[in-house]
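Student: Here's a sequence, model it:
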Amino acid sequence: MREQAMDAFDIEEMIPGFSAPRLRTWGEARLAMIEAAEQRSRQWHSRIEGPIVPGSDVHKREVCRMFHETFNPYRPSVLDWPVLDPEARQRILSLPIWDIAVQTEGKARLRMAAYAKTVSDPDMRSALALNAWEENRHKEVLSKMVEAYGIPLAAEAPYKFPRDAEWAYLVTGYSECIDSFFAFGLFELARRSGIFPPDLVDTFEPVMQEECRHILLFANWVAWHRANLSWWRRIWFEAKVMAVWGYLGWERIGLARTLDADGNKQQQDHNFTVSGAQSVSSDDISVHELMVLCLHENDRRFSGYDPRLLRPTTMPRIVRFVLRFMGARGNPQKAA
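Tutor: Predicted coordinates for the structure are as follows:
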């Protein structure tokens, strides 16, 4: 490891826009680079003035620029997994999510890569391919974690190439919009509860923000794709979107059953992001409080990106509507 002095100039050469006082060691420089990459992944504004019309070439170009310029170059192989005491390890071991989490990321990578190959526009194809690469990195992060803590996993069944790449991408994209909305709130709840080591929570933070970027890209891809379809193709697309929502609703009615690589039936709880509050916090939290927290965290994670880019709106709208019948409109500030 290099220990000689490193000027801010050296860091600025590697990370455009970064400035800092003189850094004494490479260790300090590395920490500064990590922090700069973290900040860059959360903050992005287009240099274009005026409105960005959904579906326009400008919209497509700026969305793709956002996705590439907010890329965080962390590597799963060098993430620090803190040593856990037996109680903390048992809490993590008892969470019923690891099989489905690893397999979901594996499916997402394949589905996104498959769809990216069908996209003729080079800018969007490149952004979607990067999205697929990042999904694979999420799988690596989870795999490294379960390896570090000795969490048993079911054998993974072979990942099958989708017959309808667009359908598979829509299912993955809308599913991530649902799951990420609740995951943002549960992740913050876990951080506040303190029942998981802060270092472990911090290690997963880049992954959570990356999910925010992913669904931001998806929401804008949907708008761009929809706007550039002929009228008859758009009718077919809207019918497919409705069918996807119906499929996801059916999937979340109960436990989906799948087979692992050994042919054994595996039950996977697709509703953990909704029902898992008690698993990540020792405090009682009402459904109302959890929904308000999810709204707040959803808004916070998107707040650093150009407001002219579209956000996923279905889950926030549904939750705000439900909150009206629970005696509140869901003021996010209550959960701050």
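Student: ranges for the helices of the stretch 51-200 of the chain?
Tutor: Taking DSSP state H, counting those that start in this stretch to define them, one finds helices in the stretch 51-200 of the chain at 57-69, 86-94, 98-116, 122-149, 165-193, 198-227.
Student: By mean pLDDT, show me the worst of the ones you listed.
Tutor: Set side by side, the helices of the stretch 51-200 of the chain give their lowest mean pLDDT on helix 86-94, at a mean of 82.
Student: Only alpha carbons, please: show it as PDB.
Tutor: Provided in PDB are the C-alpha atoms of helix 86-94 (Å, rounded to 0.1, in the frame of the first residue of the first chain):
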ATOM      1  CA  PRO A  86     -23.700 -14.600  18.000                       C
ATOM      2  CA  GLU A  87     -26.900 -12.800  18.600                       C
ATOM      3  CA  ALA A  88     -26.500 -10.500  15.600                       C
ATOM      4  CA  ARG A  89     -25.500 -13.400  13.400                       C
ATOM      5  CA  GLN A  90     -28.600 -15.400  14.500                       C
ATOM      6  CA  ARG A  91     -30.900 -12.400  13.600                       C
ATOM      7  CA  ILE A  92     -29.400 -12.300  10.100                       C
ATOM      8  CA  LEU A  93     -29.500 -16.000   9.800                       C
ATOM      9  CA  SER A  94     -33.200 -16.100  10.700                       C
END
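Student: Let me know the pLDDT of residue 255.
Tutor: On the pLDDT scale, residue 255 is placed at 42.
Student: Now do the contacts for residue 92.
Tutor: For residue 92, the contacting residues are 84, 149, 151, 196, by CB atoms under 8 Å, 6 or more residues apart in numbering. For glycine as for every other residue, the C-beta is placed from the backbone atoms N, C-alpha and C.
Student: right, and the helices of the stretch 51-200 of the chain - which one's nearest residue 293?
Tutor: For these, the distance to residue 293 is smallest for helix 165-193, at 4.4 Å, taking CB to CB.
Student: Identify each buried residue in that closest one, please.
Tutor: By neighbour count on 16 or more other CB atoms under 10 Å, the buried set for helix 165-193 is 165-191.
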